[in-house]
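K.L.:
sequence first, predicted model second:
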Amino acid sequence: MASMFDEDHYLVPPLSLYAYVFPDPRNASDEGLLAFGGDLSISRVLTAYRKGIFPWYSDGDPILWWSPDPRLLLYPGSFKTSKSFARVLKSAKFSVSFDKDFSAVIKHCAAVPRGGQNGTWLNQEMQEVYQQMHAQGFAHSVEVWEGEALVGGLYGLAMGKVFFGESMFSLTSNASKVAFRALSDVLGGRGYDFIDCQMKTDHLIRLGAAEVRRDSYLDQLEVALAKPSDIGLWHAFEWKYKEC
């Protein structure tokens, strides 16, 4: 797809961008494997996310498309901040930026060891399509800095008023949690309905994410996607910790 904008001017893509057809995720098994094959073109991947589906596969396998049941969501204001983590936030040890170094964030996320896996699901092909979606204003990163050093972060996609979280990394204790808290605060202030955390982890549950049935998730997703999108670079987004 040819670029539709320069660095400072982004255009909403035509509806034909979302023309790919997927099976109805409401009919998938609880595990969520819905389809396989196809490609990772931007239009196909964006269509998938708008339908509550995401790609997840390993090198050497066909592209697998998933929509698990239940789904893990973080709602605005639900982030749980322990007393020890509140002290970290108050210390101002870390600073946070948005879309300052997407490439570095996704490379660090790809390098995070995953239990029971050889290599990474975030292979070169996957990294490239998220880089392209970042260039077109759909994919975004949150960076956490300790001084001048990048020590943590996360990335994902945003459409309508939903953020589809993809991966996070931390090179020092609490850094990824700071990124997640900052994202939750900023998006809550901008009227986002929820952050889609995809699949359950104990870590995200402890931070306030909650499981919802897939049918409920898909209904909420439809509502959130009907709202205006923040397409473009998020350089102007700012966050400073405030006690609730």
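P.N.:
Yep, it's here. Numbering: from 1, shown residues only.

K.L.:
export the longest helix seen in the chain as CSV, just CAs?
P.N.:
Of all the segments assigned as helix in the chain under DSSP state H, the longest by residue count is helix 175-189. The C-alpha trace of helix 175-189 is given here as CSV (Å, rounded to 0.1, in the frame of the first residue of the first chain):
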residue,chain,number,x,y,z
ALA,A,175,9.7,-1.2,34.0
SER,A,176,7.0,-3.1,32.0
LYS,A,177,4.5,-2.5,34.8
VAL,A,178,5.2,1.3,34.5
ALA,A,179,4.5,1.1,30.8
PHE,A,180,1.3,-0.7,31.3
ARG,A,181,0.1,1.7,34.1
ALA,A,182,1.0,4.7,31.9
LEU,A,183,-0.9,3.3,29.0
SER,A,184,-3.9,2.6,31.1
ASP,A,185,-3.9,6.1,32.6
VAL,A,186,-3.5,7.9,29.3
LEU,A,187,-6.0,5.9,27.3
GLY,A,188,-8.5,6.1,30.2
GLY,A,189,-8.2,9.8,30.0
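
K.L.:
packing partners for it?
P.N.:
If contacts are counted by 3 or more Cβ pairs under 8 Å, 6 or more residues apart in numbering; DSSP states H and E, helix 175-189 sits against helix 83-90, strand 95-98, strand 139-146, strand 149-159, strand 162-170, strand 194-198. For the C-beta atoms, the positions are set from N, CA and C on the backbone; glycine is no exception.

K.L.:
which strands and helices sit next to the last one?
P.N.:
Counting by 3+ Cβ pairs under 8 Å, 6+ apart, the packing neighbours recorded for strand 194-198 are strand 71-74, strand 162-170, helix 175-189, helix 214-225.
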